[in-house]
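1. Model the following, please.
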Amino acid sequence: MRVGVAVARRKAARWARHWTRRWEAQPLHTRRTVRLVAASGALGGVLAAGVIAAAGPWDSGQRTAERQTAARADAAGGRTGDADHGSSDGVPGKGAPGDGVQGAGAGAPRVLTPLGPQDGTRPVGSPRPTGAGLAKELAPLLKDPALGSPSTAAVWDVTTGRELYGARETTGVVPASTVKLATGAAALAALGPDHRIPTASLAEDGEVFLVGGGDPTLSAKRLVGLARDTARELKKDGVRQVAVRYDATAYAGDVLHEIGPNENIAPVTPLMVNEARLDDSRHGPAPRATDPARDAADDFTATLRKAGVRVAGEPRAERVPEKADELATTYSAPLAELTERMLTYSDNDLGEALARQTAIAAGRDASFAGSGRAVAGQLKKLGLPVHGARFADGSGISRDNRVSADLLARLLVTAADPDRPELRSLLTGLPVAGFNGTLRDRYGDGDRGDGGTAAARGVVRAKTGTLTGVNSLAGTVVDADGRLLAFAFFTMGATDRTGAGDALDRMAAAVARCGCR
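-> Just a heads-up that it's a prediction; the model follows:
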C-alpha cells in the first residue's frame, strides 16, 4: 500500500503538516484582564473590578508587576533576594519576621519588591497584617456553630511568602474539590502550561486506530475534523476500505470512580467526547455515557463512512501497534486553559485527566493510585509540605484524600512566585467572588442577609470544595490595605451544608475588610 518514492513523499508531507499544525496551535494568552473587567462591568461591579486590578493585572497568566519587578532587578544587575522564613520552632514559614530581603532556605518563595500604585499593586510601604490582628478576626469565626470539627485555617502573605496565621493548619483533612489546586499544580509543573493533549488516528495493515491521549474536552466538532483529515490521508495513500479500532489504554486501573456511575463524573477513560455528556452542557452535573471510548469510536467511524471510506464491521478495542503510521491528530487547549476551566467550574473530569497526565509524565501507571503518587511527587519537588497528605483522586470526590490548610496556602504562594510562571493559571483560574464559576452566587449583593460578605465581592478569588459534611475554601484575597494574601479554610463534620459554606465566606470576607494589625 505504501511503497516507493510516492509513499515516502506523502509521509514527509504528512510529517511536515503535523508539525505545522502543532506550531500553529501554540497559545496566544491575551484574554485574562479583558474577561475579568468585562464580567465585572456587566454586573455593575466597577469598584470590584478596580480592586481585582489592584491585585495585579493579568497578562499571559503572569502579573505585569512581577515582570516589571524582574526587569528592574535585572537592570540593577541582580534578582530580588529570598525571604528568611523565621521560625520559633524550626518549622519553615512560622513566625512573622520583617519584610527585609534576607537569605532563605531551599524552596522559600521569592520576595516581591513592593511597587507603586501605577503598577497595579499595593502602595509602597503598605502594612502587613499581623498574626494577632488576624486571630482577633478569625478565631471567633472559627467557633461558628455552623462549622464542624476539625476546622482549620492558614493565611499567608503572598509578598513575603510567610505564614501570618494558622489554626490547626498542619492537620490533614478531607479537602473536597480544593484538591484540584494540587492536581493542577502537579500537572503544570510536570508538563508546562503550553502542553496540549493529543487524540490521534494511526494506520497499520488496513486498520485505522483512534487513540485517546486523555483529553476529556474533545468536542464532537474536533472529532469530526479528525475523521475527515484521516479520510483525506487514507485516500492520498490509495486506501478505500479499513477496519476501525480504538485504543483507550493510556490509562490503567479502574475506569469507574469509587462513587460509581454518577452525573458528576464520567467513566475515567482517555478517549471520550465532551466529557461523555449526553446533553449539550459544558459543565456541572449531566447524564453520562457508560462506554465513552466506544461511543467516540462509533462517531469517528460514522464520519469516515460519510467521507467516502468503506469501513468493514464495527469498531473494536485494540492497542495500537508501535509501528503504526500517524494519519491525523487533534489537540486540546493548552494545559493552562484546561487548569483554569477545571478550577473555575470545579470540573471533575478534568481533575482526573490532569492527575493522569501527571502520572504519564512521571512514568507511573495512569491509575487512581499511580496518579496520586505522581501528584504528591511533583508537589514535593516544588518544595511543598506533602508529609501526611494523600491524593486518592484528582477531582476531590474521594473522602480518602487528606490535605492540610498549610499545604494549599503555601501552594498558592508558590503559584504567585515570579520564578514559577508555569503555575500562574492556578491563580487566574480561581473563581471570583460574586462574579463567576462556583463563587458566582456567593458573597451577597448587600440587599439581603449576606453576613457581611458583600464587601468581598471581586476581591476574594477562591476554589470551593463541598461534600456531605465537608466544606473548604482556598484562594487569595486583597485586604483593606491592598495586601495580597493566600488562605485556606477547611471544616469537617458540618451538618448544615449551606451554613458551613457561608461561615467560610465570612472568614474570607473578614480578611478582605480588615488591615488586621
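
2. Surely Asn209 touches Tyr246?
-> Asn isn't right for residue 209; it's Phe. Yes. Counting by C-beta atoms under 8 Å, Phe209 does reach Tyr246; the two are 7.0 Å apart. In this view, the C-beta of every residue, glycine as well, is placed from N, C-alpha and C.

3. Next, show the common contact partners of those two.
-> Listed as contacting both Phe209 and Tyr246 by C-beta atoms under 8 Å, 6 or more residues apart in numbering are Glu318.

4. quick one: the strands in the stretch 151-300 of the chain?
-> 151-157, 162-167, 198-204, 207-212, 241-247 (DSSP state E, counting those that start in this stretch).

5. list the buried ones in the third one?
-> Of the residues in strand 198-204, those buried under the neighbour-count criterion (16 or more other C-beta atoms under 10 Å) are 198-203.

6. Ok, the last one next?
-> Across strand 241-247, burial judged by 16+ other C-beta under 10 Å covers 242-247.

7. Show me what it is packed up against.
-> With contacts taken as 3 or more C-beta pairs under 8 Å, 6 or more residues apart in numbering; DSSP states H and E, strand 241-247 sits against strand 207-212, helix 292-306, strand 310-311, strand 316-317.

8. Partner strands of it, with direction?
-> Strand 241-247 pairs in its sheet with strand 207-212 (parallel), strand 310-311 (parallel), strand 316-317 (parallel), by DSSP bridges.

9. Between these, which one is closest to Ala454.
-> strand 207-212 (45.2 Å; C-beta to C-beta).

10. can you dump the C-alpha coordinates of that closest one into PDB?
-> The C-alpha trace of strand 207-212 is given here as PDB (Å, rounded to 0.1, in the frame of the first residue of the first chain):
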ATOM      1  CA  GLU A 207      -6.700  -1.000  10.200                       C
ATOM      2  CA  VAL A 208      -7.200   2.600  11.500                       C
ATOM      3  CA  PHE A 209      -6.700   3.200  15.200                       C
ATOM      4  CA  LEU A 210      -8.400   6.000  17.100                       C
ATOM      5  CA  VAL A 211      -6.100   6.600  20.000                       C
ATOM      6  CA  GLY A 212      -7.100   8.600  23.100                       C
END
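
11. ok now that strand, how far from the chain's centre?
-> How far strand 207-212 lies from its chain's middle: 29 Å, per C-alpha atoms, centre = their mean, to the nearest Å.

12. got the angle between it and strand 198-204?
-> 160 degrees (axes from the mean of the first three to the mean of the last three C-alpha atoms, to 10 degrees).

13. hmm, back to that, want to throw the strands of the stretch 151-300 of the chain into JSON lines with distance to Arg319 and mean pLDDT?
-> Shown next, in JSON lines, are those (distance: least, C-beta to C-beta, whole Å; pLDDT from 0 to 100):
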{"stretch": "strand 151-157", "distance to Arg319": "45", "mean pLDDT": "98"}
{"stretch": "strand 162-167", "distance to Arg319": "49", "mean pLDDT": "97"}
{"stretch": "strand 198-204", "distance to Arg319": "11", "mean pLDDT": "98"}
{"stretch": "strand 207-212", "distance to Arg319": "8", "mean pLDDT": "98"}
{"stretch": "strand 241-247", "distance to Arg319": "5", "mean pLDDT": "98"}
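
14. The ones you listed: which one's closest to Val268?
-> Among the strands of the stretch 151-300 of the chain, if distance is taken as C-beta to C-beta, the winner is strand 207-212, at 11.5 Å.

15. What ranges in this protein fall below the confidence cut-off?
-> Scanning the chain for pLDDT under 70 picks out 1-126, 445-451.

16. what about Val511, how many neighbours?
-> 28 (other C-beta atoms under 10 Å).

17. now it: how far from Leu181?
-> Val511 is 18 Å from Leu181, where distance means C-beta to C-beta, to the nearest Å.

18. mind listing the helices for the stretch 101-250 of the chain?
-> Secondary structure of the stretch 101-250 of the chain by DSSP state H, counting those that start in this stretch: the helices cover 131-142, 179-191, 220-236.

19. Show me which positions of the last one end up buried.
-> Residues of helix 220-236 classed as buried under the neighbour-count rule (16+ other C-beta under 10 Å) are 222-224, 226-227, 229-231, 233-234.

20. how about the residues you listed in JSON lines, adding distance to Ala187?
-> Listed next are the buried residues of helix 220-236 as JSON lines, based on distance: C-beta to C-beta, whole Å:
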{"residue": "Arg222", "distance to Ala187": "21"}
{"residue": "Leu223", "distance to Ala187": "23"}
{"residue": "Val224", "distance to Ala187": "28"}
{"residue": "Leu226", "distance to Ala187": "23"}
{"residue": "Ala227", "distance to Ala187": "28"}
{"residue": "Asp229", "distance to Ala187": "27"}
{"residue": "Thr230", "distance to Ala187": "28"}
{"residue": "Ala231", "distance to Ala187": "33"}
{"residue": "Glu233", "distance to Ala187": "31"}
{"residue": "Leu234", "distance to Ala187": "34"}
